[in-house]
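Enquirer: can't give you the sequence, but here's the structure:
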């Protein structure tokens with residue numbers, strides 16, 4: 001039986017209607033792979049005189065030493081202009097800098113050109129973010145990825161995707177789902193469907209298209225069960241918010257065979273030995289599928305390593321980096337290899353599932369049922385009337 005065609009399947013933009021554009025940092029130094037370097041950069045910044053501080057900031061039209069902005073939701077940083085700042089560095093927080101690359105960010109609104117406060121407002125326990133990766137011709141990478149930490153929405157190919165939180169309110173409240181969709185799916189499939197089920201299904205079957213990410217929906221409960229179970233396995237690997245560490249079976253787990261150098265320069269792959277080479281350092285076994293794993297046409301492992309071997313421009317704050325390769329990076333690298341290898345093993349199951357999909361619940365059917373189009377209000381962030389946040393100069397904003 002033929003599979004669901006692109007033009008029959010609903011767009012993710014219609015199924016999860018509220019989305020936010022990627023963050024625009026405006027400068028690179030407030031983000032990095034290790035928190036200690038960010039604290040050192042901040043210390044160098046606040047020690048500098050006015051002229052030097054302006055140079056180090058790398059000002060933009062949106063942010064200068066004198067820009068007045070509100071706090072980032074959920075963070076208690078000061079709102080005085082950066083020209084007068086003399087305090088300690090705000091505690092760096094984990095963010096996702098593109099696919100599978102968790103880094104650290106100084107959560108200071110004065111340093112970020114466009115921080116998307118509406119995302120910060122709903123981040124936290126129970127939240128999951130979906131990030132569309134965009135269509136890249138010839139790339140077999142995933143169309144959408146999930147994150148438990150705040151993603152910046154950046155694509156490694158320079159094609160930013162929309163960020164879609166699973167919930168519209170803090171604390172995992174009010175699913176970001178087209179009104180009536182979950183009830184329609186519940187009736188069609190014969191059992192209750194929740195927002196988390198839709199997210200898992202999306203991870204398993206989402207397909208990139210020129211019009212955007214499409215999500216074919218089945219009318220068969222057995223197919224739905226297969227897809228949601230597969231999606232939950234993908235989610236556990238992509239959004240490890242519970243701290244669980246995935247493992248490959250014994251004999252296949254990657255280990256450091258030769259110590260990584262203090263300041264590595266070159267990263268390569270030895271296919272015959274299944275080894276990741278970091279200068280003279282070696283990690284193996286690294287499956288070919290893990291090395292070749294791409295998102296938006298870019299190898300994930302290669303990009304991850306390149307970001308940590310970069311040196312930064314001399315005299316800039318980005319040049320403040322670890323004096324030697326931190327042990328934590330090695331642990332993160334081993335975990336990333338494991339995650340990519342396990343995801344690659346699930347890809348044939350995804351291809352089998354999408355290949356077997358029969359025409360099911362199409363976009364036209366959802367339109368006839370009145371589920372689509374979603375109302376305009378569902379495409380806007382929810383108001384949080386009891387949520388006080390400090391605005392510029394210590395004033396409070398009511399949202």
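Expert: Received it, and whenever you're ready, just let me know what you need. This is a predicted model, so every value here is computed, not measured.
Enquirer: top helix in this structure by residue count?
Expert: Longest helix in the chain by number of residues (criterion: DSSP state H): helix 327-356.
Enquirer: average model confidence for that one?
Expert: Here helix 327-356 scores 96 as its mean pLDDT.
Enquirer: Counting by contacts, list what that helix packs against.
Expert: Under the contact definition 3 or more CB pairs under 8 Å, 6 or more residues apart in numbering; DSSP states H and E, helix 327-356 sits against helix 195-205, helix 221-238, strand 255-258, strand 281-284, helix 288-291, helix 300-309. For the C-beta atoms, the positions are set from N, CA and C on the backbone; glycine is no exception.
Enquirer: switch the cut-off to 7 Å
Expert: helix 195-205, helix 221-238, helix 288-291, helix 300-309 (3 or more CB pairs under 7 Å, 6 or more residues apart in numbering; DSSP states H and E).
Enquirer: Show me what counts as buried in the helix or strand following it.
Expert: Per DSSP states H and E, the first helix or strand lying C-terminal to helix 327-356 is helix 363-368. When neighbours are counted by 16 or more other CB atoms under 10 Å, the buried residues of helix 363-368 are found to be 363, 365-366.
Enquirer: And stretch 288-304, by the same measure?
Expert: 290-304.
Enquirer: For the helices and strands packed on helix 327-356, give me TSV that also has mean pLDDT and distance to residue 126.
Expert: Rendered in TSV, the data for the helices and strands packed on helix 327-356 read as follows (pLDDT from 0 to 100; distance: least, CB to CB, whole Å):
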stretch	mean pLDDT	distance to residue 126
helix 195-205	98	10
helix 221-238	97	13
helix 288-291	97	30
helix 300-309	95	27
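Enquirer: Tell me which of the ones you listed lies nearest to residue 107.
Expert: helix 300-309 (20.0 Å; CB to CB).
Enquirer: what number of residues lie near residue 305?
Expert: 20 (other CB atoms under 10 Å).
Enquirer: Show the contacting residues for it.
Expert: 267, 278 (CB atoms under 7 Å, 6 or more residues apart in numbering).
Enquirer: rerun that using 8 Å as the cut-off
Expert: Residues near residue 305 by CB atoms under 8 Å, 6 or more residues apart in numbering: 264, 267, 278, 333.
Enquirer: how far away is it from residue 105?
Expert: 20 Å (CB to CB, to the nearest Å).
Enquirer: try residue 72
Expert: Residue 72 is 10 Å from residue 105, by CB to CB.
Enquirer: Need phi/psi at residue 102.
Expert: phi -80, psi 120 (degrees, to the nearest 10).
Enquirer: Per-residue confidence, it, what does it come out as?
Expert: Reading off the model, residue 102 has pLDDT 95.
Enquirer: who touches it in this structure?
Expert: Contact analysis of residue 102 by CB under 8 Å, 6+ apart lists 94-96, 149, 332.
Enquirer: If any of those residues are buried, put those into a ChimeraX selection.
Expert: In ChimeraX, this line selects whichever of those come out buried by 16+ other CB under 10 Å:
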select :95,96,149,332
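Enquirer: Is it possible to get a markdown table of the contacts of residue 102 that adds secondary structure?
Expert: As requested, the contacts of residue 102 are exported to a markdown table (DSSP: H, G, I helix; E, B strand; the rest coil):
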| residue | secondary structure |
| --- | --- |
| 94 | strand |
| 95 | strand |
| 96 | strand |
| 149 | coil |
| 332 | helix |
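Enquirer: ok, so of the contacts of residue 102, who is nearest residue 68?
Expert: residue 95 (24.0 Å).
Enquirer: Could you double-check that that closest one lies in contact with residue 149?
Expert: Yes. Between residue 95 and residue 149 there is a contact under CB atoms under 8 Å: 5.9 Å.
Enquirer: Tell me how far the closest residue to residue 101 other than its chain neighbours lies from residue 338.
Expert: Nearest residue to residue 101 in three dimensions, chain neighbours excluded: residue 304, at 5.5 Å (CB to CB, 6 or more residues apart in numbering). Distance of residue 304 to residue 338, given as CB to CB: 13 Å.
Enquirer: Now do residue 357: how many residues are near it, please.
Expert: 19.
Enquirer: before we move on, what about residue 233?
Expert: By other CB under 10 Å, neighbour count at residue 233 equals 17.
Enquirer: for it, what are its contacts?
Expert: Per CB under 8 Å, 6+ apart, neighbours of residue 233: residue 346.
Enquirer: same thing with residue 112?
Expert: Contacts of residue 112 (CB under 8 Å, 6+ apart): 23-26, 30, 63, 72.
Enquirer: can you list those in TSV and add neighbour count?
Expert: Shown next, in TSV, are these (neighbours: other CB atoms under 10 Å):
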residue	neighbour count
23	24
24	16
25	20
26	18
30	25
63	21
72	26
